[in-house]
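1. kindly generate the corresponding structure for this input.
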Amino acid sequence: MRKGIYILPNLFTTGNLFCGFWAIISVFQENFYYAAIAILLASAFDILDGKVARLSGATSKFGVQYDSLADLVSFGIAPALLAFSWALRPYGKFGWLAAFLFVVCGALRLARFNVQSSSGESKYFKGLPIPAAASMIALTILLYFELIETGGVKDIVILVMIYILAFFMVSSIRYFSFKELNLAKRKPFSIFIFVILSMIVIAYQPIIVLFGFTLVYVFSGPVNMVIAWQKKRALKRIGPIPAEEKVEYHE
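-> Numbering: from 1, shown residues only. Predicted coordinates:
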């Protein structure tokens, strides 16, 4: 701390924390739409602070801890309060216990990430990242405002979603981290076209498209795990290649 701290990435982290606090205030005022928007903005700040820190070489232990504290507010407490106030309140004690389960699983996910962040593996996350879980809740609520607006089915949907997301966060399922995706380097022309088309589609129907992207990411981990498990079973059934079937080549 005597050497100082990196200003720019920590400013983005502060923006993340501000959006989380704004989401909580909006929940108290029953502005659930703005609370969901604030959580999505917090996710954007969270992505930016990590990118800026890595690109500028401004990573530090202080930044990691500060980022985790901000994430717990923005992606743990804020979406749990939003889910409870918007959908889980009719379930009484069972509802707020489900919301608390989301908070504690998110806190455990962040603590495990901090402990394992020095392992060196950056291609995959272990467990669903808490910003993705929070964004899933926020986008589901925004989708209801966009398409359905009313309906009692939202209560059971959010309740089931809370339990699924909480389990995914503390599981050992691997999720792609996108940390090694560097768009500043040369890429194939097809990737550029795909990015442009994605931006156009998102601009046309942002809530629906972002909901679809997030839903695919949430279930990408379990799907990849099942595929890997099936491949492993297939290899075990085939067994090792017999010695007489192996072909050796000599010069």
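
2. what helices or strands is the lowest-mean-pLDDT helix or strand in the chain leaning on?
-> None of the helices or strands of the chain scores lower by mean pLDDT, DSSP states H and E than helix 189-204, at a mean of 82. If you count contacts as 3 or more CB pairs under 8 Å, 6 or more residues apart in numbering; DSSP states H and E, helix 189-204 packs onto helix 206-238. Any C-beta I mention is one placed from the backbone N, CA and C, and that applies to glycine too.

3. quick one: buried residues of the helix it packs on?
-> Ile207, Ile208, Val209, Leu210, Phe211, Thr214, Tyr217, Val218, Gly221 (16 or more other CB atoms under 10 Å).

4. and what of stretch 168-180?
-> Phe168, Met169, Val170, Ser171, Ile173, Arg174, Tyr175.

5. among those, which lie within strands?
-> Arg174, Tyr175 (DSSP state E).

6. I'd like the average pLDDT over whichever strand or helix holds Leu142.
-> Following DSSP states H and E, one finds Leu142 within helix 130-143. The average pLDDT for helix 130-143 rounds to 95.

7. next one: stretch 67-82
-> Mean predicted confidence for stretch 67-82 is 96.

8. mind listing what's buried along that stretch?
-> 67-68, 70-82.

9. other residues contacting it?
-> 13-14, 16-17, 19-21, 23-24, 27, 32, 35-36, 38-39, 42-43, 46, 49-50, 99-100, 102-103, 106-107, 110-111, 113-114, 130-131, 133-134, 137-138, 141, 162 (CB atoms under 8 Å, 6 or more residues apart in numbering).

10. narrow the residues you listed to those that are buried.
-> 13, 16-17, 19-21, 23-24, 27, 32, 35-36, 38-39, 42-43, 46, 49-50, 99, 102-103, 106-107, 110, 113, 130-131, 133-134, 137-138, 141, 162.
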